[in-house]
Structure formats: C-alpha cells, structure tokens
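**Q** A predicted structure for the sequence below; I have some questions about it.
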Amino acid sequence: MRRLPLAYIMDTKEYLSRIEFFGKTKVDLNTLNQLHQNHVFHIPFENLDIQNGQKLHLEESKLFNKIINSRRGGFCYELNYLFLSLLKNLGFDAKMISARIFDNDDFGPEFDHMAIIVSLGNEEWLADVGFGDLFIKPLKINLEIEQIDGGNTFKISLFSEQSYLLSKSENGLDFEKKYVFETNEKKLEQFLPQCKLKQQSPDSYFVQNKVCTIVQKSGRKTIFNSKYIEKKHGNKTELLIKNKEQEKRILEKEFGMTENNVC
C-alpha cells in the first residue's frame with residue numbers, strides 16, 4: 001500500500017523565536033502589531049539568491065528552511081507568503097492580495113507585489129513585511145485618517161471603485177504614491193509568472209540591483225550594489241564595498257547572514 005506524503009506543518013514556535021516574539025499570541029491587534037514589527041526588525045528584505053542565480057521556490061517548507069532555519073531574508077513573495085502562513089497558523093483571518101507598485105510615473109502590472117489583508121472584527125488591516133522600506137506596523141484600511149508609523153505618515157485613499165492607493169510621506173506634507181491594491185483574495189499560483197519574471201528578466205530591478213536592507217529602531221542598514229549605507233538617528237553614512245570578502249563580513253555582522261547560508 002502506497003503511503004501518502006506527510007503534510008507540512010509549520011513550526012510556529014521556531015518562527016516566533018526567529019523574530020524574537022516570546023509572549024503569548026492572541027488573535028488581536030496588539031499581537032498582530034507586535035508580530036509585524038518584530039518581523040521587519042529581524043528578517044531582512046534581500047534578493048541575494050536572484051543575484052547569485054539561484055531559483056526561488058514559493059513553497060512553504062522551503063521558505064521556512066531558508067528564512068527561519070537558515071536565518072536569511074527574501075523579497076515580497078517569499079516574506080509575505082511565509083508571514084501569511086504564520087498568521088493563519090496562529091488563527092488570524094488573513095488573505096494574500098495583489099498590489100501594483102508605482103514606478104516611473106506609472107503602476108506596475110497585476111501581481112507586481114504581494115501584500116496581506118487581516119480582518120479583525122469588522123476592521124481590515126493592511127500588512128506588508130516584504131516591501132523593503134515601508135510601514136512597521138499594519139495600517140488600518142480607513143480613508144479618513146493619516147497614520148504615523150516609523151517616523152513616516154501613510155494614507156490610504158480610493159483609487160477606483162475596487163482599489164485603494166497607498167501613499168507615504170516623510171514630512172507629513174508631501175505624499176509619494178507607493179502602490180495600488182485590491183482587497184479581494186488572490187491565489188499563490190497567480191503570482192508565479194511575475195515572480196519568475198523578476199528573477200530572470202534583464203529589465204528586472206532585482207536582476208539589475210543587489211539589495212539587502214533591514215529597519216532598526218534607530219534607522220536602517222542597507223547594502224545596495226557596491227555600497228553599505230547606514231542611517232542612524234537621522235545621520236547617513238556610506239561605505240564602498242570593495243570586494244566579496246568585505247561584503248561577506250558586512251552580511252554576517254550587520255544582517256546575521258553567514259557565508260554558509262548565502263549561496
């Protein structure tokens with residue numbers, strides 16, 4: 001008799017340890033805020049696999065092994081899909097949604113970006129741990145208020161009858177369009193063509209540029225191509241990365257990623 005393969009079961013305790021969440025989890029806003037904040041503080045946004053020619057696998061078990069067990073990061077599809085799985089395992093009513101990122105005076109294609117909607121009671125919250133530099137805690141989908149988070153101001157406005165526009169301001173006055181999103185649920189397979197394109201197309205931002213970035217309470221640490229950039233308490237310093245050995249030392253010291261975990 002042929003045995004069926006065992007279903008994958010996420011080790012939520014290990015995931016929570018990775019993001020240094022050690023309290024009790026409840027299906028409430030306080031837990032959601034803390035999970036989201038801890039995630040962006042401890043797991044970097046990075047595209048090193050793409051830069052190294054490694055194929056990305058949007059399978060929960062493989063993502064867990066890469067991001068949690070091997071203490072890596074990832075880009076939007078990887079980080080938000082895994083975080084969505086964590087939320088569902090903890091009992092949250094959450095779903096994946098599609099967003100179109102604003103760039104070069106226009107919005108990208110459908111499934112350009114993956115984000116998350118979490119429903120708590122009669123309220124909906126936008127979660128996104130896979131953008132690179134955005135909000136630290138989820139934003140309430142409310143058209144009447146501006147929301148301050150991580151020193152920036154965000155607002156959500158109607159873009160069309162079925163979609164919303166997310167905008168960000170660093171000074172509370174001048175707003176920059178970030179992306180358009182809809183709240184209807186999407187399936188993982190719908191994102192696969194764009195995910196593949198971002199890994200392989202010569203025109204892809206992630207093919208053209210090396211990125212590794214993580215937010216801190218005092219600012220942000222970033223590798224962008226051949227520079228290491230650190231923003232701390234409003235001050236910015238840049239260091240030219242001259243060789244691979246120097247880059248490896250920075251990845252290990254500043255992002256906790258060792259040579260054995262980065263192909």
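**A** Everything's here; your move.
**Q** Break down the chain into its helices, ranges please.
**A** For the chain, applying DSSP state H gives helices covering 12-18, 29-42, 48-51, 60-63, 76-89, 192-200, 205-208, 244-255.
**Q** now those helices in a markdown table, with distance to residue 143 and mean neighbour count?
**A** From N, CA and C alone the C-beta is placed, and that goes for glycine too. Listed next are the helices of the chain as a markdown table, based on distance: least, C-beta to C-beta, whole Å; neighbours: other C-beta atoms under 10 Å:
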| stretch | distance to residue 143 | mean neighbour count |
| --- | --- | --- |
| helix 12-18 | 33 | 15 |
| helix 29-42 | 19 | 19 |
| helix 48-51 | 36 | 21 |
| helix 60-63 | 33 | 16 |
| helix 76-89 | 23 | 22 |
| helix 192-200 | 28 | 16 |
| helix 205-208 | 30 | 15 |
| helix 244-255 | 37 | 15 |
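**Q** Nearest to residue 120 among those helices would be which one?
**A** With C-beta to C-beta, the closest approach to residue 120 among the helices of the chain belongs to helix 29-42: 5.8 Å.
**Q** Give the other helices and strands that the longest strand along the chain contacts.
**A** Ranked by residue count and defined by DSSP state E, the top strand of the chain is strand 93-103. Helices and strands touching strand 93-103, by 3 or more C-beta pairs under 8 Å, 6 or more residues apart in numbering; DSSP states H and E, are helix 76-89, strand 113-120, strand 176-181.
**Q** Run the chain-centre distance for the first one.
**A** The reference is to helix 76-89. 9 Å (C-alpha atoms, centre = their mean, to the nearest Å).
**Q** who touches that helix?
**A** 10, 12, 15, 32, 35-36, 39, 43, 45, 56, 58, 60, 63-64, 66-68, 73-74, 94-96, 113-116, 118, 127-131, 188, 191, 195 (C-beta atoms under 8 Å, 6 or more residues apart in numbering).
**Q** and what of stretch 208-222?
**A** Contacts for stretch 208-222 (C-beta under 8 Å, 6+ apart): 40-48, 51, 73, 132-133, 136, 150, 202, 223-225, 228-234, 251, 254-255, 257.
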